[in-house]
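[1] Model the following, please.
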Amino acid sequence: MCPDSFIQSESSPLKNVNEYELKIIKKSSLICGIVYYPIFKISDFEKYDFYPKEVFRDKKDAIKLDRKSLKNIVWKRFSDVYSDPKMIVDLNPFSITQIGIGDCNIIASITCCANYERLTGIKLITNLIFPQVEGIPVYNPSGVYVVKMFLNGFWRMVVIDDTIPYHGRTKFNDLLPKYNDPKVLFSLDNSIMCRTTIEGELWPTIIEKGYLKFLGGLRDEGTLPSSDLHRLTGWIPERIKTMNISKNVYDRLESFFQDSKCMATIGSKDVPRSIGLAGGHAYSVLNMKSFKGIRLFYIRNPWGKFDWKGKYSRSDDDSWTEELQKELDFFPFDKDKVDLGDFWMEINDVKKYFTSINVCYNPAIYEFFVTTHDKWKLSDFKYKGSLENTFPLYSITFTDELSENSDKEVFIFFNRHILDFVDFHQSSYFVIYMIRGSNIKETEKSYGHIVSTRFRTKLNKVSFFIKTGEAYYEPKMNLYYTLNVYSHSEFKLEKIEREKSIF
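    A predicted model of the protein is given here:
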């Protein structure tokens, strides 16, 4: 079992952070006009006033729903709806249900974290919600909550109140996103936000509201799948196209799942409803397991219903053997088993019906890492003679003599900080280039604000730089970012200042 590496200790957040980086961290606290204060130590929560004399109302609540969800919405407090609201009754990932907001990847990510905590006891969900009593999140009659999220390279406080959107006189089916099926979704209390099947249980709703506040509401584009799990955990994200899942890649991911070293969501293609999948929809990957040459994925629909109808589904009478059912601890023909939207799927169907799997790795799998926070001065191209000379250039030097000429794994993760609404859906890209001698190779490209790449090298020193697309070349623009480098071998990361073009 992996150590609970992402939870900050009293001293770890500021370890090796210099004054310049501290300014970057504080500068990146202002997101879309709202300050999300960095969490420097756990005791910071003790200073927060969770119990004001009057009921808390968030004056900076920037949550805006999509146009379809705006009709006849009524905002109510939990106490207006439930006679006995509770924060956590049963931390059950299979009880979470996406309702009327098109944030499937957020709900799928919350499901993954709840499943991880339930399996390992490591507090991924429990440590996200405050106030707490003896380390357990509690319902707050004063209406003030803090959701802890990993934003712009650092853990930060997202303060929310307890008002939640409910639909009024409008028929609930009219509020569902266009890709949802009114036959399979339900709400016990007319809420349009996610909830569990236990009346009055609040934890997934609180996390969803905190996330939507950070996003400034929900737009038709949704969120970037590779970002959501990272923001809830601080773990290392990697996007893998399903067509690239070779036997070696599958075996590596399966091993990580069995050792509780990663979590993942997966996004579907534009597929017909008749096969039991929703097109353009995010699902949780709760496990990966192979058996006698069959490579399988355990997947859950955040709707909590409407599952797969193909091979290895509950309607497949031919593929399931008693031996396989026992191996997976999954009994598809049990009449007493309630449909919770969970199913197993063989790898060929995953490749056929899904586009990519978005994995997040526990940083504890790497013994050595370096994190740096910096500013990218795109405006400097005026003084440096070319745009290329503004690209951040770094070198990695392995310092362990035993690592010389050995095969070493390196994972690079670049995270551009989001400061305004335009940053959420910027159409430009970021790409990582590796430099080996005179050879420059593009390793990864990402249309979004994060990009990561994994590679192996026998060299004792390698260099890399980050490039961005033309949309960012504006006269006075600065980009703030966090760069993380991980390896199993000890190394030193250095930024290289230069005037001469590297091309």
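[2] mind listing what Asn152 touches?
    25, 28-29, 31, 415, 417-418, 480, 482 (CB atoms under 8 Å, 6 or more residues apart in numbering). Where you see a C-beta, it was placed from the backbone N, CA and C, and this is true even at glycine.
[3] out of the residues you listed, which are inside helices?
    Ile25 (DSSP state H).
[4] Widest-spaced pair of the contacts of Asn152?
    Ser29 and Asn415 (14.9 Å; CB to CB).
[5] So which of those two has more stuff around it?
    It is Asn415, of Ser29 and Asn415, that has more neighbours when counted by other CB atoms under 10 Å, with 23 against 18.
[6] Could I get the pLDDT score of that one?
    You'll see Asn415 listed with a pLDDT of 93.
[7] now Lys41
    So Lys41 comes in at 81 (pLDDT).
[8] Dihedrals phi and psi, it?
    phi -160, psi 160 (degrees, to the nearest 10).
[9] how many other residues sit next to it?
    Neighbour tally, Lys41, other CB under 10 Å: 14.
[10] same deal with Asp80?
    Residues near Asp80, counting by other CB under 10 Å: 13.
[11] just checking, it is part of a helix?
    Yes - counting by DSSP: H, G, I helix; E, B strand; the rest coil, Asp80 is located in a helix.
[12] Distance-wise, check it relative to Phe130.
    Note on Asp80: its distance to Phe130, by CB to CB, to the nearest Å, is 22 Å.
[13] cool, Met288 as well?
    From Met288 to Phe130 the distance is 33 Å (CB to CB).
[14] okay, those two: which has more neighbours?
    Met288 (25 against 21).
[15] Could you export the helix or strand encompassing the more buried one as CSV, CA atoms only?
    For Met288, the host element (DSSP states H and E) is strand 282-291. C-alpha atoms of strand 282-291 as CSV (Å, rounded to 0.1, in the frame of the first residue of the first chain):
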residue,chain,number,x,y,z
ALA,A,282,-16.5,10.1,-18.5
TYR,A,283,-16.4,6.9,-16.5
SER,A,284,-14.4,5.7,-13.4
VAL,A,285,-11.9,2.9,-13.8
LEU,A,286,-12.0,1.2,-10.5
ASN,A,287,-9.8,-1.8,-11.2
MET,A,288,-7.8,-3.6,-13.9
LYS,A,289,-7.3,-7.3,-13.8
SER,A,290,-6.1,-10.0,-16.2
PHE,A,291,-7.0,-13.7,-16.0
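[16] pLDDT averaged over the helix or strand following it - what is it?
    On the C-terminal side of strand 282-291, the closest following helix or strand by DSSP H and E is strand 294-300. Throughout strand 294-300, pLDDT has a mean value of 98.
[17] Mind jotting down where the strands sit in the stretch 251-400 of the chain?
    For the stretch 251-400 of the chain, the strands defined by DSSP state E, counting those that start in this stretch occupy 262-268, 282-291, 294-300, 342-346, 354-361, 368-377, 393-398.
[18] could those be laid out in a markdown table, adding distance to Ser43?
    As requested, the strands of the stretch 251-400 of the chain are exported to a markdown table (distance: least, CB to CB, whole Å):
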| stretch | distance to Ser43 |
| --- | --- |
| strand 262-268 | 28 |
| strand 282-291 | 33 |
| strand 294-300 | 36 |
| strand 342-346 | 39 |
| strand 354-361 | 27 |
| strand 368-377 | 22 |
| strand 393-398 | 34 |
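[19] right, and the ones you listed - which one's nearest Tyr429?
    Across the strands of the stretch 251-400 of the chain, closest to Tyr429 is strand 368-377 (CB to CB), at 14.5 Å.
[20] Other residues contacting the closest one?
    Contacts of strand 368-377 (CB under 8 Å, 6+ apart): 16-17, 21, 24-25, 28, 153-154, 363, 390, 392, 466, 478-493, 495.
[21] same thing but at 7 Å, please
    In this structure, residues lying in contact with strand 368-377 by CB atoms under 7 Å, 6 or more residues apart in numbering are 21, 24-25, 153, 363, 390, 392, 478-487, 489-491, 493.
[22] Narrow the residues you listed to those that are buried.
    21, 24-25, 153, 363, 390, 392, 479-487, 489, 491, 493 (16 or more other CB atoms under 10 Å).
[23] Narrow those residues to those in strands?
    When DSSP state E is applied, the buried ones among the contacts of strand 368-377 are split such that 479-487, 491, 493 fall in strands.
[24] burial count for Ile450?
    Residues near Ile450, counting by other CB under 10 Å: 18.
[25] Which helix runs longest in this structure?
    helix 104-120.
[26] Give the next helix or strand downstream of that helix.
    Beyond helix 104-120 toward the C-terminal end (DSSP H and E), the next one is strand 129-130.
[27] Past that next one, which element shows up next along the chain?
    strand 132-133.
[28] ok, and what's touching that next one?
    In contact with strand 132-133 (CB under 7 Å, 6+ apart) are residues Val138.
[29] Give me the next element, helix or strand, following that strand.
    Following strand 132-133 toward the C-terminus (DSSP H and E): strand 136-137.
[30] centroid residue for the protein?
    Against the mean C-alpha coordinate of the chain, by CA atoms, centre = their mean, the closest residue is Leu229 at 1.7 Å.
[31] any idea which element it lies in?
    Leu229 belongs to helix 225-233, assigned by DSSP H and E.
[32] okay, the angle between that helix and strand 262-268?
    150 degrees (axes from the mean of the first three to the mean of the last three CA atoms, to 10 degrees).
[33] and the angle for helix 225-233 with strand 354-361?
    Using the same axes, to 10 degrees: helix 225-233 against strand 354-361 is 30 degrees.
[34] So what's the gap between helix 225-233 and the chain middle?
    1 Å (CA atoms, centre = their mean, to the nearest Å).
[35] What angle do helix 104-120 and that helix make with each other?
    50 degrees.
[36] ok now the following helix or strand past helix 225-233, how far from the chain's centre?
    Under the assignment DSSP H and E, the closest C-terminal helix or strand after helix 225-233 is strand 236-241. Its chain's C-alpha centre and that of strand 236-241 lie 11 Å apart, by CA atoms, centre = their mean.
[37] rewinding a little: residues touching the helix holding Leu229, excluding its own?
    By CB under 7 Å, 6+ apart, the surrounding residues in contact with helix 225-233 are 6, 105-106, 109, 112-113, 124, 128, 149-151, 235, 237, 239, 263, 265, 267, 282, 358, 360, 450.
[38] just the contacts of Asn152 now: which is nearest Phe297?
    Asn415 (27.3 Å).
[39] Run through the residues that contact the closest one.
    153, 449-450, 481-482.
[40] one more time with 8 Å
    152-153, 449-450, 481-484.
[41] what about the stretch 401-503 of the chain, any weak spots by pLDDT?
    402-403, 421-428, 437, 469-477, 498-503 (pLDDT under 70).
[42] swap the cut-off to 80 and go again
    401-405, 421-429, 436-439, 443-448, 468-478, 498-503 (pLDDT under 80).
[43] so where do the strands sit in it?
    408-416, 430-436, 439-446, 450-457, 461-468, 478-487, 491-495.
[44] Of all the ones you listed, which one is nearest Phe330?
    Closest among the strands of the stretch 401-503 of the chain, using CB to CB: strand 450-457, at 31.1 Å.
[45] circling back to that earlier point, indicate which one of the strands of the stretch 401-503 of the chain is closest to Gln98.
    Using CB to CB, these put strand 450-457 closest to Gln98, at 23.6 Å.
[46] domain assignment for the chain?
    32-233, 236-361, 366-495 (automatic domain parsing).
[47] Could you give the separation between the terminal residues of the last one?
    Across its full length, domain 366-495 reaches 21 Å end to end, with CA to CA, to the nearest Å as the criterion.
[48] Show the low-confidence segments of the stretch 151-300 of the chain, by residue range.
    The model of the stretch 151-300 of the chain has pLDDT under 80 over residues 167-190, 216-226.
[49] at 70 instead, please
    168-189, 217-225.
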